[in-house]
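> mind looking at a prediction? Sequence and model below.
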Amino acid sequence: MLSKSQIKHVSSLKVKKYRELYGEFIAEGSKLVLELLYSNYTAIALYALKDWLIDNNIPSGIKIEVFEISESEMSRITSLSTPSPCLLILKTHNVPFNPITAEKELVLMLDDIKDPGNLGTIIRTADWFGFKNIVCSPNTVDLYNPKTIQSTMGSVARVNVCYQPLDELLNKLNKNVSVYGSLLEGENIINKNLNTNGIIIIGNESKGISEKIRNYINEKIFIPGYQTATALDKPESLNASIATAIICYEFRRRVIK
């Protein structure tokens, strides 16, 4: 049976300041929990229904506290509208990004993304296209927001996401490294030569890439829209996660055999 202190602690992790205070976050849903349980994240405690524990025998090699709870108890700690059969508490981590990485591979850089669903979808997209690192500005929505973690569908276990001041990192980049940014005045991405390494900057949902960060872009790209009769027929911009998917696809399309 869950104690009041357990309920209070798990529930507190739905709030950012407590996630930061305890250095912990929650994950829910069978697929997500199993992926994180066997990932590089350190799992602390597992709360699950009896049937789930029977169907998913946790190896003795995994050092974790396991609590069998009832459906009514799960409904008291879940962050989901429909409770899942399991909830996992893990330690947060923030592995600093080394600018040298951008000399060897493509790296996504997120400038002030605010929506947790967008961040989660971007992480999932990065995983699909083989991007191993995402660097977020300090003002980007919290990776460990339950909605973000849920939206990653387990990809957070395979993509390193860290938070650092973007301008400081960009200042440390080798001058020969390409820094791509999607801008209205950019070159059509379909026609542009694209590298297999460098930085790809994705801007805020409504404001785009901030002026301070734009100054570091040396490769301006643009996603062309369908040419309709009048400009009034077009939306102002693409959703940040959709734009990321198109850009990632176009970069990877060049090397797909």
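Alright, I've got the coordinates.
> show me where the chain has helices.
Counting by DSSP state H, the chain has these helices, from start to end: 4-12, 16-22, 30-37, 50-55, 71-77, 116-128, 146-151, 166-172, 211-214, 240-253.
> need the ones you listed in TSV (columns: mean pLDDT, mean neighbour count and distance to Val179).
From N, CA and C alone the C-beta is placed, and that goes for glycine too. Written out in TSV, the entries for the helices of the chain read as follows (pLDDT from 0 to 100; neighbours: other C-beta atoms under 10 Å; distance: least, C-beta to C-beta, whole Å):
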stretch	mean pLDDT	mean neighbour count	distance to Val179
helix 4-12	96	14	39
helix 16-22	98	14	30
helix 30-37	95	18	32
helix 50-55	95	13	46
helix 71-77	95	15	43
helix 116-128	98	22	17
helix 146-151	96	22	25
helix 166-172	96	16	7
helix 211-214	96	14	9
helix 240-253	95	19	13
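> Ser137 is nearest to which of those?
Among these, helix 166-172 comes nearest to Ser137, with 5.0 Å by C-beta to C-beta.
> and the residue nearest to Ser155 when sequence neighbours are not counted, what is it in contact with?
The spatial neighbour of Ser155 that comes closest, neighbours along the chain excluded (C-beta to C-beta, 6 or more residues apart in numbering), is Asp127 at 3.6 Å. By C-beta atoms under 8 Å, 6 or more residues apart in numbering, Asp127 lies in contact with Thr152, Ser155, Arg158, Val159.
> now with 6 Å?
Ser155, Arg158, Val159 (C-beta atoms under 6 Å, 6 or more residues apart in numbering).
> quick one: low-confidence ranges for the stretch 151-257 of the chain?
In the predicted model, the stretch 151-257 of the chain carries pLDDT under 70 at residues 227-236, 255-257.
> which stretches of it form strands?
Chain-ordered strands for the stretch 151-257 of the chain, with DSSP state E, counting those that start in this stretch as the definition, fall at 160-163, 179-188, 198-202, 219-222.
> give me the contacts around the last one.
The set of residues external to strand 219-222 that reach it, using C-beta under 6 Å, 6+ apart, is Ser178, Tyr180, Ser182, Leu183, Gly186, Asn188, Ile189, Lys192.
> tally of neighbours for the closest residue to Leu184 other than its chain neighbours?
Counting by C-beta to C-beta, 6+ apart, the nearest residue to Leu184 once its immediate chain neighbours are dropped is Phe222, at 6.5 Å. The number of residues packed around Phe222, counting by other C-beta atoms under 10 Å, is 17.
> what about Phe222, distance to Leu108?
When C-beta to C-beta, to the nearest Å is applied, the distance between Phe222 and Leu108 equals 18 Å.
> repeat that for Ser178.
14 Å.
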